[in-house]
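Q: structure for this input, please:
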Amino acid sequence: MKRIGVIGAVLEKPLQSQAAFNETVAAFRGLIKGRMGIPFDHEEVSVISLTVMGELDDINALTGKLGNLPNVTVKTAISNTLKTEGGM
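A: Predicted coordinates:
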């Protein structure tokens with residue numbers, strides 16, 4: 001059953017981790033419904049929020065791969081099972 005979620009990621013030293021982060025997100029592009037990023041250049045940190053919709057296993061796979069990247073911290077919030085498979 002599909003779910004909607006938000007993946008929040010903090011990239012420390014983003015110049016070193018952003019390419020791998022973007023490659024991983026691109027590999028799961030079918031899940032991604034929205035993305036917002038805010039760079040904090042003086043602090044050498046970027047904050048990225050991904051809105052996702054998909055099967056729980058797929059969302060968890062993306063979260064796990066992102067969380068295993070160096071200098072990347074990830075947290076996820078996921079909805080309960082959606083009532084309808086249509087929409088969005």
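
Q: only C-alpha atoms from now on, for both contacts and neighbour counts.
A: OK.

Q: show me which positions of the top helix by length along the chain end up buried.
A: Here the longest helix in the chain is taken by residue count, with DSSP state H as the criterion, and it is helix 14-27. Neighbour-count burial for helix 14-27, with 16 or more other CA atoms under 10 Å as criterion, is recorded at Pro14, Gln18, Phe21, Thr24, Val25.

Q: okay, now the unreliable bits of the chain?
A: 83-88 (pLDDT under 70).

Q: now the strands for it?
A: If DSSP state E is used as the criterion, the strands of the chain fall at 2-12, 32-40, 45-55, 72-78.

Q: JSON lines please, covering those and showing mean neighbour count.
A: Output for the strands of the chain, formatted as JSON lines (neighbours: other CA atoms under 10 Å):
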{"stretch": "strand 2-12", "mean neighbour count": "20"}
{"stretch": "strand 32-40", "mean neighbour count": "13"}
{"stretch": "strand 45-55", "mean neighbour count": "18"}
{"stretch": "strand 72-78", "mean neighbour count": "16"}
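
Q: among those, which is nearest Gly64?
A: strand 72-78 (8.5 Å; CA to CA).

Q: which residues are in contact with the closest one?
A: Here strand 72-78 makes contact (CA atoms under 8 Å, 6 or more residues apart in numbering) with 3-12, 17, 63, 66-67.

Q: among those residues, which two are most distant?
A: Taking CA to CA, no two of those sit farther apart than Arg3 and Glu12, at 28.6 Å.

Q: which phi and psi does Asn80 have?
A: Per-residue torsions, Asn80: phi -70, psi 170 (degrees, to the nearest 10).
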